[in-house]
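Q: here are the coordinates; sequence isn't available:
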């Protein structure tokens with residue numbers, strides 16, 4: 001039976017709403033951009049979000065009305081930024097604008113939260129910093145004590161939209177709750193949050209697995225949109241939703257997204273504990289774990305210095321690889337994943353042509369990706385079985401070929417890997433399929449697969465050794481990751 005699902009993604013710069021059917025085909029989409037104003041990376045109006053979501057829903061469903069039976073739309077879910085929080089008062093009205101994940105003001109509070117977590121809860125998540133929801137709650141309580149006295153609950157960005165859809169603001173999901181201090185291992189808000197911080201137990205939401213039904217679309221909204229009964233489903237953070245959209249939802253599945261930065265996310269059977277804090281683990285709705293990490297390196301160097309003639313550069317690179325050159329195209333100071341090195345600085349090969357430098361930069365990012373997966377296998381003691389990929393870096397055929405041979409494993413390029421698509425899959429998991437794995441299997445697709453070539457993979461094995469030796473000599477890393485498999 002044909003069924004349809006709506007995914008909503010509220011990002012920093014706009015809203016995107018999509019509708020997928022139960023095979024993953026896109027029925028339609030609608031977007032609205034937010035004008036970025038001074039301070040919008042620190043605070044944004046949730047009312048503006050909702051207005052944009054509502055407008056996008058109306059446009060999407062108006063366009064779809066002539067093509068599908070709207071009574072077959074079964075569920076909706078929401079994704080948004082991790083660490084963005086909103087204090088709600090009576091009648092679920094925001095007492096303040098949303099405190100954005102990118103707000104750096106709670107830096108001291110983030111440091112304090114991390115110290116307390118290490119002291120009282122070292123077995124749980126301890127990676128708190130300025131971007132964490134918990135840090136923002138503490139900062140707000142200190143700087144706005146009168147408003148803090150009126151708080152009924154803190155919600156995350158996705159929860160606010162879910163509340164507007166179904167009227168229930170009291171529930172969040174595992175992925176959003178993690179950076180607000182929830183212990184995803186024990187399934188509880190730990191006592192140190194209220195014993196050592198200016199927070200109250202009744203401020204915290206009930207936490208459920210992504211894909212859980214929270215309620216039904218409010219009758220007046222349903223009537224305005226021309227829909228039948230439709231469930232509102234607990235969503236995920238944007239990074240986790242994009243991982244779901246890639247299809248990497250089973251143990252051993254991993255996703256690399258090369259956008260502005262390099263982001264690696266996957267699924268393990270056991271929780272991955274990283275004493276250096278490079279990785280942290282979300283909880284999979286089926287009981288697995290979803291570890292991941294994000295670096296400062298990525299593909300920003302492409303737009304910064306090579307965007308004017310990309311087609312010619314990719315063509316040239318295809319005949320230059322393997323270059324034998326060592327490059328590390330880090331634009332900013334310091335690295336955070338897959339190694340922590342505040343002293344790290346980017347470097348390029350001396351006296352190389354522009355074309356050779358372009359190719360070497362792609363190789364350098366691929367070497368960092370390989371180092372990440374070696375580190376992950378060491379920490380998890382589980383095999384990385386499959387690598388799915390998305391982001392702007394996956395649009396280069398030569399870069400895909402480089403990565404498949406550097407990793408010496410097939411690399412699967414994914415289709416429709418967006419947060420909104422991931423939210424639609426989560427909606428389907430909670431209303432139509434039995435599990436998230438079943439929904440992803442039915443609704444995601446691989447566009448193409450690039451396989452390693454023995455001779456090129458061997459050449460890159462030698463070049464990777466030289467890359468690791470160079471990073472070791474520069475003091476960025478301690479040396480190669482011991483092989484465990």
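A: Perfect, I can see it now. Only a predicted model underlies this, so the values are computations on that prediction, with no experimental measurement involved.
Q: center of this structure - which residue?
A: With distances taken as C-alpha atoms, centre = their mean, residue 239 lies nearest the centre of the chain, 1.2 Å away.
Q: can you tell me how far the most far-flung residue of the chain relative to its centre sits from residue 320?
A: Here the chain reaches farthest from its C-alpha mean at residue 351, the gap being 37.7 Å by C-alpha atoms, centre = their mean. Distance from residue 351 to residue 320, counting by C-beta to C-beta, to the nearest Å: 15 Å. (C-beta placed from N, C-alpha, C; glycine too.)
Q: Also residue 341?
A: 28 Å.
Q: The stretch 251-400 of the chain: helices as residue ranges?
A: Ranges of helices in the stretch 251-400 of the chain, per DSSP state H, counting those that start in this stretch, are 300-305, 310-320, 354-380, 397-407.
Q: Rebuild these as JSON lines, extending it with mean pLDDT, distance to residue 186 and mean neighbour count.
A: Below are these laid out as JSON lines (pLDDT from 0 to 100; distance: least, C-beta to C-beta, whole Å; neighbours: other C-beta atoms under 10 Å):
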{"stretch": "helix 300-305", "mean pLDDT": "93", "distance to residue 186": "38", "mean neighbour count": "16"}
{"stretch": "helix 310-320", "mean pLDDT": "97", "distance to residue 186": "49", "mean neighbour count": "15"}
{"stretch": "helix 354-380", "mean pLDDT": "97", "distance to residue 186": "21", "mean neighbour count": "23"}
{"stretch": "helix 397-407", "mean pLDDT": "98", "distance to residue 186": "35", "mean neighbour count": "24"}
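Q: Distance to residue 260 added to these, as a markdown table?
A: Listed next are the helices of the stretch 251-400 of the chain as a markdown table, based on distance: least, C-beta to C-beta, whole Å:
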| stretch | distance to residue 260 |
| --- | --- |
| helix 300-305 | 5 |
| helix 310-320 | 16 |
| helix 354-380 | 12 |
| helix 397-407 | 15 |
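Q: where are the low-confidence patches of the chain?
A: Scanning the chain for pLDDT under 70 picks out 483-485.
Q: Break it into its domains for me.
A: 4-238, 247-473 (automatic domain parsing).
Q: what's the closest of the ones you listed to residue 480?
A: Nearest to residue 480 among these is domain 247-473; the distance by C-beta to C-beta comes to 4.9 Å.
Q: Over to that closest one now: how far is its first residue from its last?
A: 38 Å (C-alpha to C-alpha, to the nearest Å).
Q: from the chain's centre, how far out does that domain sit?
A: Offset of domain 247-473 from its chain centre (C-alpha atoms, centre = their mean, to the nearest Å): 14 Å.
Q: Equivalent analysis for stretch 80-95, please.
A: A distance of 21 Å separates the centroid of the chain from that of stretch 80-95, by C-alpha atoms, centre = their mean.
Q: Would you mind measuring the gap between the ends of that stretch?
A: Using C-alpha to C-alpha, the end-to-end distance of stretch 80-95 comes to 20 Å.
Q: Same check on stretch 197-216?
A: Using C-alpha to C-alpha, the end-to-end distance of stretch 197-216 comes out at 35 Å.
Q: Would you mind listing the buried residues in that stretch?
A: Along stretch 197-216, these residues count as buried under the neighbour rule (16 or more other C-beta atoms under 10 Å): 197, 199, 203-205, 207-214, 216.
Q: Would you format the residues you listed as CSV with distance to residue 166 and secondary structure included?
A: Formatted as CSV, the buried residues of stretch 197-216 follow (distance: C-beta to C-beta, whole Å; DSSP: H, G, I helix; E, B strand; the rest coil):
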residue, distance to residue 166, secondary structure
197, 30, coil
199, 26, coil
203, 21, helix
204, 19, coil
205, 14, coil
207, 17, strand
208, 13, strand
209, 17, coil
210, 16, coil
211, 15, coil
212, 12, coil
213, 9, strand
214, 6, strand
216, 6, strand
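Q: And those residues, which two are furthest apart?
A: Taking C-beta to C-beta, the two most distant members of those are 197 and 216; they sit 35.3 Å apart.
Q: Which stretches in the stretch 101-250 of the chain count as helices?
A: Using DSSP H, counting those that start in this stretch, helices in the stretch 101-250 of the chain cover 107-120, 133-143, 145-148, 157-166, 174-177, 192-195, 219-225, 238-246.
Q: can you give me how far the second one is from the chain middle?
A: Shown here is helix 133-143, whose average C-alpha point lies 23 Å from the average C-alpha point of the whole chain (C-alpha atoms, centre = their mean).
Q: now swap in the last one and tell me
A: The gap between where helix 238-246 is centred and where its chain is centred comes out at 6 Å by C-alpha atoms, centre = their mean.
Q: Fine by me, thanks again.
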